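Participant: Below are the sequence and a predicted model; questions follow.
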There are 8 protein chains.
Amino acid sequence: MWQVYLSGEIHTDWRDQIISGADQRGLPVTFSSAVTDHEASDAAGDSLGKEASPFWRDHKSAKVNAIRTKTLIEQCDLAIIRFGDKYKQWNAAFDAGYCAALGTPYITLHDADIVHPLKEVDGSAMAWAQTPEQVVELLVYLTLQQ
Amino acid sequence: MWQVYLSGEIHTDWRDQIISGADQRGLPVTFSSAVTDHEASDAAGDSLGKEASPFWRDHKSAKVNAIRTKTLIEQCDLAIIRFGDKYKQWNAAFDAGYCAALGTPYITLHDADIVHPLKEVDGSAMAWAQTPEQVVELLVYLTLQQ
Amino acid sequence: MWQVYLSGEIHTDWRDQIISGADQRGLPVTFSSAVTDHEASDAAGDSLGKEASPFWRDHKSAKVNAIRTKTLIEQCDLAIIRFGDKYKQWNAAFDAGYCAALGTPYITLHDADIVHPLKEVDGSAMAWAQTPEQVVELLVYLTLQQ
Amino acid sequence: MWQVYLSGEIHTDWRDQIISGADQRGLPVTFSSAVTDHEASDAAGDSLGKEASPFWRDHKSAKVNAIRTKTLIEQCDLAIIRFGDKYKQWNAAFDAGYCAALGTPYITLHDADIVHPLKEVDGSAMAWAQTPEQVVELLVYLTLQQ
Amino acid sequence: MWQVYLSGEIHTDWRDQIISGADQRGLPVTFSSAVTDHEASDAAGDSLGKEASPFWRDHKSAKVNAIRTKTLIEQCDLAIIRFGDKYKQWNAAFDAGYCAALGTPYITLHDADIVHPLKEVDGSAMAWAQTPEQVVELLVYLTLQQ
Amino acid sequence: MWQVYLSGEIHTDWRDQIISGADQRGLPVTFSSAVTDHEASDAAGDSLGKEASPFWRDHKSAKVNAIRTKTLIEQCDLAIIRFGDKYKQWNAAFDAGYCAALGTPYITLHDADIVHPLKEVDGSAMAWAQTPEQVVELLVYLTLQQ
Amino acid sequence: MWQVYLSGEIHTDWRDQIISGADQRGLPVTFSSAVTDHEASDAAGDSLGKEASPFWRDHKSAKVNAIRTKTLIEQCDLAIIRFGDKYKQWNAAFDAGYCAALGTPYITLHDADIVHPLKEVDGSAMAWAQTPEQVVELLVYLTLQQ
Amino acid sequence: MWQVYLSGEIHTDWRDQIISGADQRGLPVTFSSAVTDHEASDAAGDSLGKEASPFWRDHKSAKVNAIRTKTLIEQCDLAIIRFGDKYKQWNAAFDAGYCAALGTPYITLHDADIVHPLKEVDGSAMAWAQTPEQVVELLVYLTLQQ
């Protein structure tokens, strides 16, 4: 059973496409992810008390989220890291660096038009995919039972 | 002697400000960095042969650069990671994630208007500074000889 | 399934509140702890022979207890570290430092009036909670199945 | 040359006694420490901007101090961890736990009347000393050139 | 249950002999391997897009294969590394070096006539076998339930 | 479930006493061990071919045995290391050093008359027991479900 | 100062070319290597006593050589791994695997006609060079003082 | 410069022979060792207060000695571990196991008549020498400047 962590963009259904593709092919893979509900994620620390400063509200929530994300990244065998066409997405690049330092393999998933700004992230990746279908094909190959 | 790695934005003189500030204060600090000449950096792999595909040219150069950057990051005691107001700067966020996984402390240096998209990067940082002068003040404190 | 280690104060029922709260919410969490029976813990080494010196009695028992606590801390994904309003509780702070060095995330649980003396312990924590209910809320969030 | 980190209580001159004792004996030892000026330490993060909340002021300062203390602890060959007769001193116990997890040997320095609450901290220590002179004697022995 | 990784030569049925031998003896062993279909392995990266340059086609496929092989090697308790009488088989020697650096024990499987060129690889091995039957005998011994 | 490795002397039934004691108390413990049949152990490498030199016969068998022992030691949570009153038993002391370097806790089991020559081995142990019954008592305590 | 380990083929003067090239450019680099005198290397263990069996003579020498090579590889910042057009050169591929597992960057140096059998070795490399001059150019770039 | 740790027997002048041999050959080697004065070593903890129980006196001294020995072993590149013809010498075997787990190479130095009881210790060694002269010859070879 392979543990695959899905990191990055939360505005399209790429996670669902990969999960349902793996399911249809019957792959021995389980998936994990950060909490992908944007509002819930921003509010992750609110239950510990309200903050007057936006910086500290973000800080508290980011650290609560990091409990989850670091644990799941450290448990995974492989990460898929998705960059979309909007927003800064520094957290996705952060996860890629985190994987690289741990020696955990990761595959990037992004369009060709952002190849140049992603060159360091792609340089440490094990593969670059452009579609969720390609990711599923790779998972089929990687988990092949002989 | 502290080894400090300076990561990120290459279009303003923040590195020079920190280095000359530390020099004026006589701090026991040495600084290192990626090659910060943008064209030289993009061409880092060209001496190994030209590539027809932009992706592979970037890939070769990124891996040559990574020999230098990973070595220097792994040797440093502290990283300063700078985010400017332009470009994607995914390599800076990648370096932050790399430091976080190694347990190497880092300080972010950026303006207040990008606090929200940087919340995960700041959440794992040891401090957030807004000016190079603040970074120099922290270095004065951190390297205090009693 | 998350492994959560509960460290610190043994004079109130905070462990029970967290465990039953997690149970009521059906969370995929298992809990572990030091032996929390104070007398049994102080006597952990007595079966190996009585000691004339109080120091060596404490020493023997502390090392027997450490077999259990270090093993469980190294296996956990997350620690909750509780400081009450009495006693020195140096063992709780010791566990926090142990987690910090391992890179294991921990959440502190204490009242607001001891924020200042706990600043180093809180500084390396991922979150500070004031009630067991808040801890349960965090566990609900952290273990969310999407 | 041995690197020795001096952790804990800052209200008596135990650090000076150890340092001058080692100096008089000509030992091949260098010493390091947190910033021991209490007010400066509490204000370590103030140069990054004032905080309205005491918790966040402490938090910022604690993280700045941790850049220094974690770096120096990770570089040391041996730590001396001092507990006095006042205050909570949770940071000293935290440092002991940090050393224990790293496998860095440490010696505790405290009076006999707090042996029982320190039993876990002493249980992972390599020695318990009651006076700075005893620590100096141990350093003489440990650094003996044959 | 022991995890055994089978590395190296893919032109004879040595893997099958070991697997069926272990099966007949009822050993508590599971086996893993790279994808051993030569053409599929060379084409491992083709689903990500065709490459004009043979070097980059090989490179892409090698990295996709490495996701699988490094993961399985890091999970195994023991590797069997087979050298045949043809081809360069540098990947087998690479796997041996990888195991050596991880501290993962490995057994080499090769004929006597290549002892000299394999001396560094054998020097870090835990045993040298000449037949699959010998490997099965070792597995019987190693997994003995007393 | 705790994994306990039983190392050392093979001429008395101390292993059986501990295993049956744990069984009678219903402890959540599994035990592992080197192959304890002396002749089989000395012959562990013989299936790979006979050796003319006693040194190399021993060497081959020792390395085959090490595949098993290092794997089981690295998997265990706790080791019990037994020294009897005969023979050199350097392998038991070797296992103790191996555990110490890994940070794996171990308990020594030996009579009082060899305390002095075992002082370094006992110095890194978490406890010293004199009878198998004492070891069982410790296991009862360590695995207590609260 | 960068430490560069030169691994592989010993029949041409590629090491001298790199060392003298670095010297002429005044690079802050020191080089290390296995003992490259073929006969001396094969005889590395002979001073410990002659062996009747060629396997054990090779084995003894290989292990003596490994003391040197593993130490130097673990100390280096970068390895250059050379494959020539003759011999099996499994030790070079072994060193590449060793570096890969340690996370130590390496550059391969070989002709284009062996790209395919070296694809796994190149796949984990940071760069592929075809001439010693290219390696020197990379070292100039990597060690650039800004 | 190589750091070599000399472990084991303290009743003959083997250390002096190796050190003076290396000195005469001008080798780039520095040597370290436990405190080899038997009485001083047994009394290493006495300055911390007298103990009524022989076990605890030994325990205190063993732990003080371990501060020195573990630090020096962890710093060394190579250990020489000597077994004489008298005494239990469990500390030497302990040091061998400690080195093995760290991946630090060691060479054993002992006569042929104790090959069998040392087979596990020799099995993890990189070489077995019978005389100090042989050790010096190995050091000459290992530190060869080309």
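Facilitator: Yep, it's here.
Participant: near chain B, which residues of chain A show up?
Facilitator: Where chain A comes near chain B, counting by CB under 8 Å from any CB of the partner chain, the residues are A:54-55, A:58-59, A:61-63, A:65-66, A:83, A:87-102, A:112, A:114-124, A:128. In short, each C-beta sits where N, CA and C put it, glycine included.
Participant: list the buried ones in the longest helix seen in chain A?
Facilitator: Secondary structure of chain A read by DSSP state H shows that its longest helix is helix A:54-75. Buried residues in helix A:54-75, counted by 16 or more other CB atoms under 10 Å in any protein chain shown: A:55-73.
Participant: distance from the centroid: which residue in chain A tops it?
Facilitator: Relative to the centre of chain A, the most outlying C-alpha is that of residue A:52, 30.4 Å out, by CA atoms, centre = their mean.
Participant: On the pLDDT front, check that one for me.
Facilitator: Confidence at residue A:52, expressed as pLDDT, is 93.
Participant: Residue A:44: what's it in contact with?
Facilitator: A:35, A:60-62, A:64-65, C:141 (CB atoms under 8 Å, 6 or more residues apart in numbering or on different chains).
Participant: Mind doing that once more with 6 Å?
Facilitator: A:61, A:64-65 (CB atoms under 6 Å, 6 or more residues apart in numbering or on different chains).
Participant: And for residue A:33?
Facilitator: residue A:6.
Participant: where along chain A do the helices fall?
Facilitator: A:14-24, A:38-42, A:54-75, A:90-102, A:119-123, A:132-142.
Participant: May I see the ones you listed organised as TSV, with distance to residue G:11 added?
Facilitator: Shown next, in TSV, are the helices of chain A (distance: least, CB to CB, whole Å):
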stretch	distance to residue G:11
helix A:14-24	50
helix A:38-42	60
helix A:54-75	45
helix A:90-102	37
helix A:119-123	33
helix A:132-142	39
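Participant: Switch those helices over to TSV; also include distance to chain E.
Facilitator: Below are the helices of chain A laid out as TSV (distance: least, CB to the nearest CB, whole Å):
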stretch	distance to chain E
helix A:14-24	13
helix A:38-42	28
helix A:54-75	13
helix A:90-102	11
helix A:119-123	11
helix A:132-142	4
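Participant: of those, which approaches chain F most closely?
Facilitator: For chain F, the closest of those is helix A:54-75, at 18.3 Å, according to CB to the nearest CB.
Participant: For that closest one, name the packing helices and strands.
Facilitator: On a contact count with 3 or more CB pairs under 6 Å, 6 or more residues apart in numbering or on different chains; DSSP states H and E, helix A:54-75 meets strand A:2-8, helix B:119-123.
Participant: Deepest in the core, which of the ones you listed is it.
Facilitator: Of the helices and strands packed on helix A:54-75, the one with the most neighbours on average (mean count of other CB atoms under 10 Å in any protein chain shown) is helix B:119-123, at a mean of 25.
Participant: Tell me the spacing between whichever residue of chain A sits closest to chain H and chain F.
Facilitator: Proximity of chain A to chain H (CB to the nearest CB) peaks at residue A:103, 17.1 Å away. According to CB to the nearest CB, to the nearest Å, residue A:103 stands 19 Å off from chain F.
Participant: which residue sits closest to that residue, ignoring its sequence neighbours?
Facilitator: residue G:103 (6.3 Å; CB to CB, 6 or more residues apart in numbering or on different chains).
Participant: do residue A:76 as well
Facilitator: Leaving out its chain neighbours, residue A:76 is closest to residue A:5 (CB to CB, 6+ apart), at 3.9 Å.
Participant: what is the one you found paired to in the beta sheet?
Facilitator: Counting by DSSP bridges, residue A:5 forms beta bridges with residue A:32, residue A:79.
Participant: you'd agree it is up against residue A:32?
Facilitator: Yes. When contacts are counted by CB atoms under 6 Å, residue A:5 is listed as touching residue A:32 (5.3 Å).
Participant: Find residues that contact each of these two.
Facilitator: Shared contacts of residue A:5 and residue A:32 (CB under 6 Å, 6+ apart): residue A:72.
Participant: what about the closest residue to residue A:106 other than its chain neighbours, how many residues close to it?
Facilitator: Spatially, and ignoring its direct neighbours in sequence, residue A:106 is nearest to residue A:79 (4.0 Å; CB to CB, 6+ apart). Using other CB atoms under 10 Å in any protein chain shown, residue A:79 has 27 neighbouring residues.
Participant: so who does residue A:79 touch?
Facilitator: Residues near residue A:79 by CB under 6 Å, 6+ apart: A:5, A:7, A:99, A:106.
Participant: The first one and residue A:80, how far apart?
Facilitator: Using CB to CB, to the nearest Å, residue A:5 is found at 7 Å from residue A:80.
Participant: Also the third one?
Facilitator: Distance check for residue A:99 against residue A:80: by CB to CB, it reads 10 Å.
Participant: For the residue farthest from the centre of chain A, which non-adjacent residue is closest in space?
Facilitator: residue D:52 (6.5 Å).
Participant: right, so of the helices of chain A, which gets closest to residue D:1?
Facilitator: When those are compared by CB to CB, helix A:90-102 sits nearest residue D:1, at 30.2 Å.
Participant: Can you list the low-confidence ranges for chain A?
Facilitator: For chain A, no stretch has pLDDT under 70.
Participant: got a list of what residue A:30 touches?
Facilitator: residue A:3.
Participant: any idea how far it lies from residue A:22?
Facilitator: 9 Å.
Participant: Same check on residue A:90?
Facilitator: Residue A:90 is 28 Å from residue A:22, where distance means CB to CB.
Participant: How about residue A:144?
Facilitator: Residue A:144 is 13 Å from residue A:22, by CB to CB.
Participant: more crowded one of the two?
Facilitator: Taking neighbours as other CB under 10 Å, residue A:144 and residue A:22 compare with residue A:22 leading, 21 against 15.
Participant: That one - nearest residue in space that isn't next to it in sequence?
Facilitator: Nearest residue to residue A:22 in three dimensions, chain neighbours excluded: residue A:29, at 5.0 Å (CB to CB, 6+ apart).
Participant: Same check on residue A:41?
Facilitator: Residue A:41 sits nearest to residue A:35 (CB to CB, 6+ apart), 5.0 Å away.
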